[in-house]
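Asks: compute the structure for the input listed below.
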Amino acid sequence: MAQNIITVTDTAFLGRVGEVALGASAIGGIFYLAIAMLGWGFGIGTQIIISRRYGEKKLSEIGLVVEHSLYFLIPLAILMFILIFLVSGEFLGFVLKSEDIQSASNEYLQYRLFGILFAYLNMAFRALYIGIGRTKVISWTTIVMAVVNVLFDYLLIFGKFGFPELGIKGAAIASVMAEFAAMLTFIIYIRLDKKLIPFRIFKFQFFSKRLYFRIIKVASPMMLQNFFSIGVWFLFFVLVESLGEHALAISNIIRSVYVVIMLPIWGFSSATNTLIGWVIGQGREDEVMRVLKKVINLSFFSVLLLIGLILIAPEKVLSIYTNNMLLIRDALPVLYVVSGSALFIAVGFILFSGVSGTGKTNVSLALEIGILSIYLAYSYSLIKFFDITVAQIWTVEYIYGGLLAVLSYLYLRSGRWKGHGV
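Replies: All right, here's what the predicted structure looks like:
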C-alpha cells in the first residue's frame with residue numbers, strides 16, 4: 001500500500017488534468033516503480049533473513065542485518081539516481097510513439113527520481129518491522145505518506161492557496177515529499193521504540209563482509225525478480241501506448257483500481273514471507289503447506305469481498321479517477337476483466353511468496369522470469385498481430401496469475417526447498 005497509494009492519488013488528481021498527463025504518469029510512474037522495486041526486492045531478502053533469525057531467537061543479529069542492508073541500499077540509490085537521470089530522456093524517446101507522452105513522462109520522472117533514496121530506506125525499515133511481525137508502525141507511516149501526498153498533489157497540481165500550478169511535475173514533487181515524510185516517521189519511531197533494544201538497531205558496531213554478501217546472495221534474486229516483474233509491466237504499458245493515448249489513459253485508470261484490489265494480496269504476501277521464514281526457523285518445515293493454505297483463504301476471500309464492493313457501483317469507482325465519461329465507459333469492460341484475474345493472483349502470489357519465504361530465492365527468480373516471458377510474448381502477439389480491444393489485452397493477467405499459482409504449488413509440494421539455510 002505504501003508505494004502504490006502514491007500511484008492511486010496521483011492518478012485520481014491527474015485524471016482531471018487530461019489524457020496526456022494521465023497516460024504519462026502511468027509510463028513515468030511504472031518506470032520509477034521498476035527502479036524502486038530493486039530496493040523492495042532487497043528489502044524482501046532482508047526480511048526473510050530477519051524473520052529466520054527471529055524464529056531462531058538470535059535477536060542481537062537482527063540489528064546487524066538491518067545495518068548491512070543500508071550499506072547496500074544507500075549506494076544503490078545514488079547509483080540509480082545518476083544513471084536514470086542521465087538516460088531516461090533518450091530511453092523514453094526510443095520506446096514511446098507519442099511525443100507528448102514522452103515529454104510529460106520524462107518531466108515527471110526527472111523530479112520523481114529525487115525520492116529514490118527515501119524509498120530505499122523505507123524498504124529497509126519495512127523489512128525490519130515485517131520481519132519481526134510488528135507491522136503497526138507501517139500503517140502509521142503509510143497514513144503519513146498518504147496525507148502528505150494528497151495534500152501536496154492538490155496544492156501543486158492545481159496551484160491552490162498561492163502554490164504554483166505545476167501539473168504532472170507537481171504530482172512528482174508531492175510524491176517525493178510523501179516518501180521523505182514516511183522515512184522521517186520511520187527514523188523517529190525506531191529511535192523511540194524500546195522494544196527494539198534487544199535487536200541493537202543503529203549501533204553500527206562493525207562491518208561483516210560475510211554477512212554483507214550473505215544478504216546479497218539471498219536478496220539479489222528478489223531484486224531481479226521484482227525489477228523484471230515491474231519492468232515487464234512497464235513494457236506492457238509501452239505496448240498499450242502504441243494503441244493510442246486514449247487506450248493508455250484507460251489502462252492507467254485500471255492500473256490504479258487494480259492496485260487497490262491488490263492491496264490485501266501484497267499485504268498477505270509480505271506476511272507469508274515472514275511466517276514461512278519463522279516456521280522454518282523453528283524447525284517446523286512440515287507446517288509450511290498448512291500455513292500457506294490458511295493465508296490463501298484469507299487472501300482469496302479478502303479480494304473477493306473487495307471486488308464485490310467495487311462492482312456494486314463500478315462507474316462511481318472509476319469516476320474517482322476521471323470525470324471524462326468516455327474514459328469511464330471504455331474502462332468498464334477492462335475493470336470486469338481485471339476483477340476476475342485478481343482472484344487467480346490472490347492465490348498465485350501467496351504460493352509464490354511461500355517459495356521465496358523458504359529462502360530459495362533463486363528458484364522464485366527462475367519461475368518469475370519464465371512466467372514473465374510468456375506474459376510479454378502473449379501481450380506482444382495480441383497487440384502486433386490482432387485487432388484487439390484494451391479489455392482483451394488485459395486478459396494476460398489470467399495467464400500470469402494461473403501460471404504463478406500452478407508452478408509455485410508444484411515446487412512447494414516437491415519438498416526440494418527443505419533443509420535450506422539462509
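Asks: which SS class is the residue of the chain positioned farthest from its centre?
Replies: Farthest-out residue of the chain from its mean C-alpha position, per Cα atoms, centre = their mean: Gly162, at 33.9 Å. For Gly162, the assignment made with DSSP: H, G, I helix; E, B strand; the rest coil gives coil.
Asks: can you check the one 3 residues further on too?
Replies: Classification of Glu165 by three-state DSSP places it in coil.
Asks: and the pLDDT at it?
Replies: Per-residue confidence at Glu165 stands at 89 (pLDDT).
Asks: what's the burial count for it?
Replies: 12 (other Cβ atoms under 10 Å). C-beta coordinates here come from the backbone N, C-alpha and C atoms, glycine included.
Asks: so it makes contact with Ala171?
Replies: No - applying Cβ atoms under 8 Å, one finds Glu165 not in contact with Ala171, separated by 11.9 Å.
Asks: joint contacts of the two?
Replies: Counting by Cβ atoms under 8 Å, 6 or more residues apart in numbering, the shared contacts of Glu165 and Ala171 are 156-157.
Asks: for Leu156, see how far away the residue farthest from the centre of the chain is.
Replies: For Gly162, the distance to Leu156 (Cβ to Cβ, to the nearest Å) stands at 11 Å.
Asks: who touches Thr9 in this structure?
Replies: Applying Cβ under 8 Å, 6+ apart, we find Thr9 in contact with 146, 149-150, 153.
Asks: 7 Å - rerun?
Replies: Under the criterion of Cβ atoms under 7 Å, 6 or more residues apart in numbering, the contact list for Thr9 reads 149-150, 153.
Asks: where does the stretch 151-300 of the chain have low pLDDT?
Replies: Applying pLDDT under 70 to the stretch 151-300 of the chain picks out no residues at all.
Asks: run the chain-centre distance for the helix or strand where Gln47 lies.
Replies: Assignment of secondary structure by DSSP states H and E places Gln47 within helix 19-55. The chain centre lies 4 Å from the centre of helix 19-55; the measure is Cα atoms, centre = their mean, to the nearest Å.
Asks: check stretch 61-71 too.
Replies: Shown here is stretch 61-71, whose average C-alpha point lies 22 Å from the average C-alpha point of the whole chain (Cα atoms, centre = their mean).
Asks: avg pLDDT for that stretch?
Replies: So the average pLDDT for stretch 61-71 ends up being 89.
Asks: the residue nearest to Gly89 when sequence neighbours are not counted: neighbouring residues, count only.
Replies: Once its chain neighbours are removed from consideration, Gly89 has its nearest residue in Asn106; the separation is 4.9 Å (Cβ to Cβ, 6 or more residues apart in numbering). When counting by other Cβ under 10 Å, one arrives at 20 neighbours for Asn106.
Asks: now do the one 3 residues further on
Replies: Taking other Cβ under 10 Å as the neighbour definition, Leu109 ends up with a count of 23.
Asks: quick one: Ser208 and Pro75, what's the gap?
Replies: 17 Å.
Asks: who has more neighbours out of the two?
Replies: Comparing Ser208 with Pro75 by other Cβ under 10 Å, the one with more neighbours is Ser208, at 15 against 11.
Asks: what's that one in contact with, if anything?
Replies: Counted by Cβ under 7 Å, 6+ apart, Ser208 has contacts 64, 68.
Asks: ok, back up a step: now the residue nearest to Gly89: which helix or strand?
Replies: helix 99-112.
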